[in-house]
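Peer 1: take a look and give me a structure for this.
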Amino acid sequence: MADQNVPPRRPRDDRGWDGRQHHSADGYGDPSTPAPYGYDSPHPYQGGYPAQADPREQYGDAYAHAGQPAPGPRGPQWVGPEGLGRPAPARPAGAGLPALDDDDDSGRKVGRRKAMVALGGTAAVVAGGAALAMTPQFRGLFGDEAAAAGDATGSTVTDGTAARPSGQQPSTVRTYTEQNESYMGSRAGEALKKNAPTTGRTLSGPAAAAAATKVTVKTVLAKDPILHLARRATFGPTPAVIADIKSQGIDAWIRAQLEPDKIEPSKAELKLSELPSLKLDPQQLRAQRDQLNEQDAQPEREMVDATIARQIWSKRQLFEVMVDFWNDFLHVAADFDGGEAYRNSFDQEVVRKHALGSYPEMLVAANKHPALLIYLNQKDSRKDAINENLARENLELYSVGVDGGYGETDVRQAALLQTGRGLDKDGKYAFKPEQHYVGKVKVLGFTHANDSLDPKKADAAIDAYIAYIALHPSTAKYVAQSLATRFVSDTPPKSLVDRLAKTYTTNNGLIKPVLMALFCSSEFWAGVGQKVRRPMEYLVATYRTLGVSPEASPKHNNGDNKRTPYARGLRQIHDKLRELGHYPMGQPTPDGYPDVYVAWTSAGTMVNGWNEAGEIIAGYRTAFTYTAPEKLVAKPPATAGAYVDALSQRLVGQKLSTREKNLILGVAGVPATAKVDATFNGAITAVARAILASPQHHLR
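Peer 2: Now for the predicted structure:
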């Protein structure tokens with residue numbers, strides 16, 4: 001009997017979640033002493049999290065995998081314009097980032113702090129009209145001025161019970177979808193639920209669905225379907241993306257995005273050849289580690305650098321959005337002991353290879369990849385010493401979900417079946433029959449005799465089980481719920497989730513049909529303004545809308561002949577995202593980052609993002625080329641009010657409300673009728689940054 005084949009329950013081995021993070025706190029430059037890249041020294045952290053950084057401070061809401069208590073909001077607590085006491089970068093003489101104060105350099109009272117609070121407060125508390133009020137920490141930065149915004153960030157549960165995700169604390173939940181639901185059990189979540197679309201239907205095509213759908217939710221965003229598509233299917237609209245959608249039409253643009261191999265690489269993607277470790281396989285990385293150390297190259301970090309570059313500059317935007325989605329769903333952290341050699345290979349051979357293909361094939365490939373086998377300790381599991389980590393996460397995180405119908409016996413049966421998978425002496429995947437348990441197993445509805453030590457047959461039995469759970473009805477719902485949360489709303493309608501799950505099942509786990517069903521749904525087009533950008537999404541969208549170019553500025557002084565300006569510039573963005581607590585593949589635990597706004601309500605992160613936007617506008621990161629802020633609008637109007645209208649149209653795709661425009665004019669200290677030059681009489685950087693602090697830029 002299957003139930004008799006249950007090994008003694010062992011304490012969970014969390015070693016696979018350790019990570020050597022080589023963390024650099026300097027968001028404005030490269031690490032002064034980069035950690036060497038190597039494998040032979042013993043890993044310094046035995047269990048739990050890396051010793052040099054408490055993820056409860058960096059990431060917030062760490063989950064129960066390591067038994068940590070629930071901490072405060074994600075991201076750092078802001079302590080000054082540069083964040084966390086870091087010194088300001090060198091500035092050109094006479095230049096400077098406008099601080100969040102009430103005076104300009106001439107001593108005029110311009111109400112900058114009040115205006116930024118009002119604008120940013122709106123961005124923080126309004127998602128399509130639903131109150132998501134500022135945190136107490138944020139109000140504390142600015143005194144009582146922000147108090148009128150209200151407070152919807154309390155942890156009081158407004159629905160659910162301990163048996164339901166929305167009735168649980170975020171620290172006690174397990175799956176990617178369930179952690180999102182747990183956050184939505186707050187008052188802020190309730191406010192979002194009241195404003196989200198509740199039902200819908202499928203139409204003949206995306207364009208037909210867009211034309212037939214009336215947006216009825218409250219939102220500050222323009223109810224423009226082209227802008228809506230660009231916000232959701234890319235990392236941020238640009239003039240080029242909007243022009244492409246208009247010229248090709250919605251249907252043709254989506255079809256083209258679903259065929260990324262046919263889209264030419266951008267200049268920035270071609271420049272990724274400047275990252276020396278990116279093109280090397282794990283064995284080459286091992287063989288060339290001394291040379292890579294001489295170049296200050298860190299393979300697991302260069303992979304993240306490359307991901308950021310693609311998010312900003314790739315023309316294959318929907319593909320990159322899906323890569324990010326799967327990196328949260330089928331999550332393997334970049335920073336783990338072994339990530340140096342294997343994480344880039346996992347990115348290429350598992351996530352990117354199958355991001356728009358078949359999820360069952362992706363999950364099967366993942367379960368044979370050294371990165372996952374090391375990360376979750378499967379290489380250490382053998383028939384006489386079972387390690388349950390991967391077996392458990394295959395069920396809880398990567399397929400059916402914690403409420404998908406399995407029990408502890410299923411976990412242990414799966415762990416028995418998966419024994420034998422490991423690595424050979426060269427670090428490649430190998431099946432080791434001498435370590436494989438033989439005997440009948442039963443997991444959920446899957447049964448197998450598992451009676452052979454023949455490597456091909458035993459390996460095939462495990463593949464069959466992985467494919468089975470990847471096509472389980474609970475997995476279909478889990479994937480559908482997660483996709484709907486990513487693309488539609490933090491509280492997606494059940495009607496849409498059910499239809500997407502049916503499409504997933506009908507198409508045997510193929511992703512393109514599910515995405516097409518999503519874009520053909522009225523719920524997608526009705527969800528304008530119902531998603532808020534997470535910190536990484538905000539920063540990437542800022543680079544995109546400002547038209548930053550990957551070529552070095554003429555002002556750039558490399559000062560480092562080991563790496564190119566492009567490589568250095570990408571690392572600077574990467575380090576800033578680490579400071580914000582959100583970067584590609586950055587979650588240390590296997591659950592991936594949450595995908596709902598209330599998980600990211602951090603005053604420090606928000607203000608840090610605004611200040612970074614100012615850095616970009618001013619062009620202080622000279623590793624890239626920037627459009628001067630006074631040239632963002634081709635022909636700037638001569639009056640302040642008209643100039644704000646033109647600049648907001650350029651940066652966020654629409655004009656702002658009269659109230660918001662007046663607040664921005666307050667940042668510059670001029671009335672709408674005032675005559676201004678192209679530099680907005682010297683205030684153009686402050687004005688552009690204020691527009692990028694508006695809800696129109698925070699919402700996607």
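
Peer 1: quick check: Pro370 touching Asp424?
Peer 2: No: using C-beta atoms under 8 Å, Pro370 makes no contact with Asp424, being 9.8 Å away. In this view, the C-beta of every residue, glycine as well, is placed from N, C-alpha and C.

Peer 1: the residue lying closest to Ala678 once chain neighbours are set aside: what secondary structure?
Peer 2: In space, and not counting its chain neighbours, Ala678 is closest to Glu630: 4.1 Å by C-beta to C-beta, 6 or more residues apart in numbering. Three-state call for Glu630 (DSSP: H, G, I helix; E, B strand; the rest coil): helix.

Peer 1: got the contact list for stretch 347-361?
Peer 2: Stretch 347-361 has contacts (C-beta atoms under 8 Å, 6 or more residues apart in numbering) with 258, 260, 303, 307, 319, 322-323, 325-327, 330, 362, 365-366, 369, 371-372, 466-467, 470-471, 475, 479, 504, 508-512, 515, 585.

Peer 1: straight-line length of that stretch, end to end?
Peer 2: Separation of the first and last residues of stretch 347-361 by C-alpha to C-alpha, to the nearest Å is 14 Å.

Peer 1: now swap in stretch 287-304 and tell me
Peer 2: End residues of stretch 287-304 are separated by 21 Å (C-alpha to C-alpha).

Peer 1: ok, now stretch 691-700?
Peer 2: 15 Å.

Peer 1: try stretch 388-405
Peer 2: Stretch 388-405: ends 18 Å apart by C-alpha to C-alpha.

Peer 1: and what of stretch 507-523?
Peer 2: The separation between the terminal residues of stretch 507-523, taken as C-alpha to C-alpha, is 21 Å.

Peer 1: now stretch 240-256
Peer 2: Using C-alpha to C-alpha, the two ends of stretch 240-256 sit 15 Å apart.

Peer 1: look at Pro370 and Asp424 and report which has more neighbours.
Peer 2: Higher neighbour count among Pro370 and Asp424: Pro370, with 23 against 11, using other C-beta atoms under 10 Å.

Peer 1: quick check: closest non-adjacent residue to the more buried one.
Peer 2: Tyr342 (4.8 Å).

Peer 1: so what touches the strand or helix carrying that neighbour?
Peer 2: Assessed by DSSP states H and E, Tyr342 sits inside helix 339-346. Helix 339-346 is contacted by residues 19-20, 37-39, 277-278, 281-282, 285-286, 298-300, 302-303, 332-334, 336, 366, 369-372, 374-375, 427, 585 when judged by C-beta under 8 Å, 6+ apart.

Peer 1: buried residues in stretch 541-551?
Peer 2: 541-546, 548, 550-551 (16 or more other C-beta atoms under 10 Å).

Peer 1: what average pLDDT does that stretch get?
Peer 2: In this model, stretch 541-551 has an average pLDDT of 97.

Peer 1: could you dump it to PDB, C-alpha only?
Peer 2: C-alpha atoms of stretch 541-551 as PDB (Å, rounded to 0.1, in the frame of the first residue of the first chain):
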ATOM      1  CA  ALA A 541       8.900  52.300 -16.400                       C
ATOM      2  CA  THR A 542      10.700  55.500 -15.500                       C
ATOM      3  CA  TYR A 543      13.700  54.600 -17.500                       C
ATOM      4  CA  ARG A 544      11.400  53.600 -20.400                       C
ATOM      5  CA  THR A 545       9.300  56.700 -20.400                       C
ATOM      6  CA  LEU A 546      12.300  59.000 -20.200                       C
ATOM      7  CA  GLY A 547      13.800  57.400 -23.200                       C
ATOM      8  CA  VAL A 548      17.200  56.600 -21.700                       C
ATOM      9  CA  SER A 549      19.600  55.100 -24.200                       C
ATOM     10  CA  PRO A 550      22.000  52.300 -23.400                       C
ATOM     11  CA  GLU A 551      25.000  54.200 -24.900                       C
END
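
Peer 1: I'd like to know how far the residue nearest to Ala678 sits from Ala371.
Peer 2: 47 Å (C-beta to C-beta, to the nearest Å).

Peer 1: higher neighbour count, those two?
Peer 2: More crowded of Glu630 and Ala371, by other C-beta under 10 Å: Ala371, with 24 against 15.

Peer 1: assumed that one was part of a helix.
Peer 2: Yes: applying three-state DSSP, one finds Ala371 inside a helix.

Peer 1: residues contacting it?
Peer 2: Counting by C-beta under 8 Å, 6+ apart, Ala371 has contacts 332, 338-339, 342-343, 345-346, 350.

Peer 1: next, give me the two most distant ones among these.
Peer 2: Farthest apart among the contacts of Ala371 by C-beta to C-beta are Gly338 and Val350. That separation is 14.7 Å.

Peer 1: looking at this protein, which helix or strand does the model trust least?
Peer 2: helix 55-58 (a mean of 32; mean pLDDT, DSSP states H and E).

Peer 1: test my guess that Gln317 contacts Gln257.
Peer 2: Yes: Gln317 sits in contact with Gln257 when judged by C-beta under 8 Å, with a separation of 6.7 Å.

Peer 1: in terms of neighbours, single out the busier of the two.
Peer 2: Neighbours per residue (other C-beta under 10 Å) separate Gln317 from Gln257, with Gln257 holding more: 27 against 24.

Peer 1: okay, that one: pLDDT?
Peer 2: Here, the pLDDT recorded for Gln257 equals 98.

Peer 1: now swap in Asn293 and tell me
Peer 2: 89.

Peer 1: that older thread, and of the contacts of Ala371, the nearest to Trp313?
Peer 2: Arg343 (21.6 Å).

Peer 1: gap between the closest one and Ala567?
Peer 2: Arg343 is 18 Å from Ala567, by C-beta to C-beta.

Peer 1: returning to what we had before: and the average pLDDT for the helix holding Tyr342 is what?
Peer 2: For helix 339-346, mean pLDDT rounds to 96.

Peer 1: all set now, cheers.
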